[in-house]
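# Model the structure of this input:
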Amino acid sequence: MSRPDQRSTRVRRVGPEAVAEVAAVLAEAFDGYPFTAWTVAADRHPDRLTGLFRLTVERVGVPYGEVWAADGADGRIAGAAVWLWPDREIPATVWADLVPLEAEYAGDRREAMKLAGTVSAGLRPDRPHLLLATVGVRPCARGRGIGPALLAPALAEADRTGTPAYLETSAPANLDFYHRLGFAVRARAQIPGGPRVWAMHRVPAVPSTAT
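Below you'll find the model as predicted:
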């Protein structure tokens, strides 16, 4: 059977009207993911994930970054991605306001979340970069080319503007996926008592000068 063509997937940039649906999609996608399984309490886990992703999308992604969504065959959002560009500064007060809210959603794993955040921050590059804050596809919609389609617009713009990209993952199975999109592992760290985190960088492609 041939692999689905990502060009047939409808991808669009969304705003405040899609916050709730995007948060639900990301929560479903990250249920069982090593990083969130370790940093978010097990009780009411899906609800906690939904709340956390709503904060990311509503407080950060929509006002200061870009939120992209891919529609499934049923017309519902099947996948979503949040990007943060280096030239769009997020006020320090926004991050500060998120800390107690995220800790509340983390529940009895708040210290684990704090530790994981510290470890991950130590992997971040010093130079300006395009950050893939999060991306996820509903389990029922995987294997249809939605992931690459979701990331294509921002990566194309990164190539056009010569902007390096960066992401973190704690799922070994994701490494090949991101490698196919031009990312390479540049660093890794073991969260004490928790999962491993891989830091991946992408050098922007050089536009062809052939005629």
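
# I figured residue 129 hits residue 162, correct?
No: counting by C-beta atoms under 8 Å, residue 129 does not reach residue 162; the two are 11.4 Å apart. In short, each C-beta sits where N, CA and C put it, glycine included.

# Between the two, which is the more surrounded one?
Ranked by neighbour count (other C-beta atoms under 10 Å), residue 129 and residue 162 place residue 129 first, with 19 against 11.

# Look at the more buried one and report its pLDDT.
For residue 129, the pLDDT comes out at 97.

# which residues sit in contact with it?
By C-beta atoms under 8 Å, 6 or more residues apart in numbering, the residues touching residue 129 are 86, 163, 164, 165, 166, 201.

# can you count the residues close to residue 14?
Using other C-beta under 10 Å, residue 14 has 18 other residues around it.

# Tell me the one among the contacts of residue 129 nearest to residue 49.
Proximity of the contacts of residue 129 to residue 49 (C-beta to C-beta) peaks at residue 166, which lies at 22.9 Å.

# For residue 72, see how far away that closest one is.
From residue 166 across to residue 72, the span is 28 Å (C-beta to C-beta, to the nearest Å).

# what about those two, which has more around it?
Neighbour count, other C-beta under 10 Å: between residue 166 and residue 72, residue 166 has more, with 21 against 18.

# Next, the residue nearest to the spatial centre of the chain: secondary structure please.
Centroid check for the chain by C-alpha atoms, centre = their mean gives residue 134 as the closest residue, at 1.0 Å. Of the three states, residue 134 takes strand under DSSP: H, G, I helix; E, B strand; the rest coil.

# doesn't residue 26 make contact with it?
Yes: using C-beta under 8 Å, residue 134 is in contact with residue 26, at 6.1 Å.

# quick one: contacts for the closest residue to residue 202 other than its chain neighbours?
Spatial nearest neighbour of residue 202, chain neighbours left out: residue 165 (4.1 Å); criterion: C-beta to C-beta, 6 or more residues apart in numbering. Residue 165 sits next to 129, 130, 131, 132, 154, 155, 158, 183, 201, 202, 204 when contact means C-beta under 8 Å, 6+ apart.

# Could you rerun that using 6 Å?
130, 158, 202 (C-beta atoms under 6 Å, 6 or more residues apart in numbering).

# now it: how far from residue 199?
Separation of residue 165 from residue 199 (C-beta to C-beta) stands at 12 Å.

# What of residue 92?
Residue 92 is 23 Å from residue 199, by C-beta to C-beta.

# neighbour-wise, which of these two wins?
The residue with more neighbours, out of residue 92 and residue 199, is residue 199; 19 against 8, by other C-beta under 10 Å.
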